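In: Requesting a structural model of the entry that follows:
(2 chains)
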Amino acid sequence: MTFQSIIFYIFAAILIVSGLRVITARNPVHAVLFLVLAFFTASGLWLLLYAEFLAITLILVYVGAVMVLFLFVVMMLDINFDKLREGFWKYLPVAATVAIAMVVEMVLLITSKNFALANKAFGAPPAAGISNSKELGRILYTDYLLPFELAAVILLVAIVAAIALTLRPRKEAKSQIVGDQVRVKASDRLKIIKMDAEKEMPPESTAIPTPPAA
Amino acid sequence: MFDTIYSTLDSGFMNALGPAMGPPAFATAWALAKVVSVVVPLLIFVLYFQLVERWVIGWMQVRRGPNRVTFFGIKWLGGFAQPIADALKLLLKEQIVPTGANRWLFLLAPALSVAPAMAVWAVVPFMPGWVIANADAGLLVVLALTSMGVYGVIIAGWASNSKYAFLGAMRSAAQVVSYEIAMGFALVGGLMAAQTMNLSQMVAKQDGAYGFAEWFFIPLFPLFMVHFIAGVAETNRHPFDVAEGESEIVAGPLVEYSGMTWSLFFLAEYANMLLVATISTIMFLGGWLSPFPHSVPVLGAPSIFWMLVKMMTLMLMFVWIRASFPRYRYDQIMRLGWKVFIPITIVWIIVVGVMMLDPVRNWAPFSIWFGKLGGN
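Out: Numbering: from 1, shown residues only, chains lettered A, B, ... in the order given. Sure, this is the predicted structure:
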């Protein structure tokens, strides 16, 4: 067994365990953190395949941005853990069907003759002087320019749609008008009055007023 | 000088010890030695930079700063032993885990905060070839690992089971994620100009006959400013330190931490500051290149001295900013990130694209600056 395959099996074991813990963890925050671990380990596996650009992008996009927002939302939810577990057996058949369908699809894809994934030389080190990210960029922006741009447009539409669907003008919402704040001058807020530092008091006011009789 | 020593060591040891120890064992030992040679100076730097910071802030506020703790009672060394005394105090302090806290995550958070801050240094070059891993996608590694740092703060805030800590974590997460976009876009402009994500090649691209006039901070000036200010925000430093916000939420995510766990967060913050300064130096200020033209005898030569001078200048900027500006309001921070910095970077990326076009690049009056943008 080579050193690389030892590393592969360690990473694969961590990936499977953390994947299982995502769905079995009682606390949703723990589940999200296990998902982060799963992504991180998957990116390690991709690094073993010399797919450095994909590996780093997985961390940058999913671990660094998507999962942070996930965690952000999950932490603020007020979840009743018992309610979450209700109906486990009721939904199990449906979930199992979906899972089996996915496994069958994957096996079909991997063993298919048309793709011949088994014969592809994965994990072979690239020739010297070839940069993984540069080659990917070259292919994306030449051969696959149209699909790439289409994907970008779809993402943009999704972003705009997400904002358009959730943004509703609220009457009680208050916001600051930044332009007005920036335009403020000290003379608008503060009035300086000239006055003497000391003032001659009329003699009668110096007497201490006597408290009214109780 | 250093690079000749380094390369002699690299090839010399490889030839002498390689056959004796067996290549894999030797490669591991050599890699470990390289890691130690980067991490140990980094830790010493963090230890002493906080002394410099306290001194500089002291001088700016017309007071002396730490000047008592000294070595062997020598008076003029007053203050020099302060960081060591502080570190000892933190090491010996009791670790307190709050009763309601999630114990595992509470103790994991500082490690998650400090590990990415240290790991990034694997791809940062200090001189040509003087780098632990000369990764082709070096800039991406830097971006990916710095984006991991926010987990430490979020988990710390949640696991402490305290309202102040949680509020701080929420603020920090939103702020870091927002400023990461501006920072990423600023770096996109840099890598368009350099046509590479390898940090060493990025510096090499800024080399030229005219010294500092060749560096990328001139054609990419807005991106340089945005990168540095977003870096201040991303490290949760003053004036963007609302995550800690002593006056409102005590110390934010750090409120329940004591002793060594607290100091790990501190270490991560300073290591991240140094990283922002280093990436700015490499991408915009020509790294180890001299500001003088190559024709100037000694000063014109590239050396690690210039790299350190530039890094320390930017680090001092962090301190000056901290001592000079009042804290931003939270909505102002968000507005600055989303409505000012991101549009500026997007517009300047387009401008860089125009500057890279052939007729513009070769336009005589600007060819010093635009001529080296793009191309291969």
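
In: pLDDT below threshold where in the chain?
Out: Using chain A here. Of all residues in chain A, those with pLDDT under 70 make up the ranges A:1, A:80-82, A:84, A:114-129, A:204-214.

In: Let me rephrase: I mean chain B.
Out: Using pLDDT under 70, chain B drops low at B:1-24, B:364, B:368-369, B:374-376.

In: Tell me the residues of it that contact chain A?
Out: B:24, B:105, B:135-137, B:140-141, B:143-145, B:147-148, B:150-151, B:154-155, B:158, B:166, B:169-170, B:173-174, B:176-177, B:180, B:197, B:331, B:335 (CB under 8 Å from any CB of the partner chain). For glycine as for every other residue, the C-beta is placed from the backbone atoms N, C-alpha and C.

In: Tell me the residue of chain A that sits nearest chain B?
Out: Using CB to the nearest CB, the single residue of chain A nearest to chain B is residue A:64, 2.8 Å away.

In: Does the residue nearest to that residue when sequence neighbours are not counted lie in a helix or a strand, and which?
Out: Excluding its sequence neighbours, the residue lying closest to residue A:64 (CB to CB, 6 or more residues apart in numbering or on different chains) is residue B:147, at 2.8 Å. For residue B:147, the enclosing helix or strand under DSSP states H and E is helix B:138-148.

In: Which neighbouring elements make contact with that helix?
Out: helix A:52-58, helix B:103-119, helix B:163-194, helix B:199-205, helix B:259-284 (3 or more CB pairs under 8 Å, 6 or more residues apart in numbering or on different chains; DSSP states H and E).

In: wait, which of those helices is closest to residue B:317?
Out: Distance to residue B:317, taken as CB to CB, is lowest for helix B:259-284 among these, at 8.1 Å.

In: Tell me the helix or strand right after the helix or strand where residue A:161 lies.
Out: Applying DSSP H and E as the criterion places residue A:161 in helix A:145-166. The helix or strand immediately downstream of helix A:145-166 is helix A:178-183, counting by DSSP H and E.

In: wait, residue B:158 sits on residue B:105?
Out: Yes - at 7.1 Å, residue B:158 counts as touching residue B:105 under the criterion of CB atoms under 8 Å.

In: Quick check, central residue of the chain?
Out: I went with chain A, as the question did not name one. The residue lying closest to the centre of chain A (CA atoms, centre = their mean) is residue A:66, at 2.0 Å.

In: ah, I was thinking of chain B
Out: residue B:275 (1.4 Å).

In: In this structure it contacts residue B:142, no?
Out: Yes - under the criterion of CB under 8 Å, residue B:275 makes contact with residue B:142 at 7.4 Å.

In: so what sits against both of those two?
Out: Residues touching both residue B:275 and residue B:142 by CB atoms under 8 Å, 6 or more residues apart in numbering or on different chains: B:120, B:124.

In: which residues does the residue of the stretch 51-200 of chain B found nearest chain A contact?
Out: Residue nearest to chain A within the stretch 51-200 of chain B: residue B:147 (2.8 Å; CB to the nearest CB). If you count contacts by CB under 8 Å, 6+ apart, residue B:147 has them with A:59, A:60, A:63, A:64, A:65, A:68, B:180.

In: hmm, back to that, residues near the nearest residue to the residue nearest to the centre of chain B once chain neighbours are set aside, how many?
Out: Computed as CB to CB, 6+ apart, the closest residue to residue B:275 that is not its neighbour in sequence is residue B:120, at 5.7 Å. Using other CB atoms under 10 Å in any protein chain shown, residue B:120 has 23 neighbouring residues.

In: Residue B:120 touches residue B:142, doesn't it?
Out: Yes - between residue B:120 and residue B:142 there is a contact at 5.5 Å, judged by CB under 8 Å.

In: Next up, the contacts around residue B:266.
Out: Counting by CB under 8 Å, 6+ apart, residue B:266 touches residue B:50.
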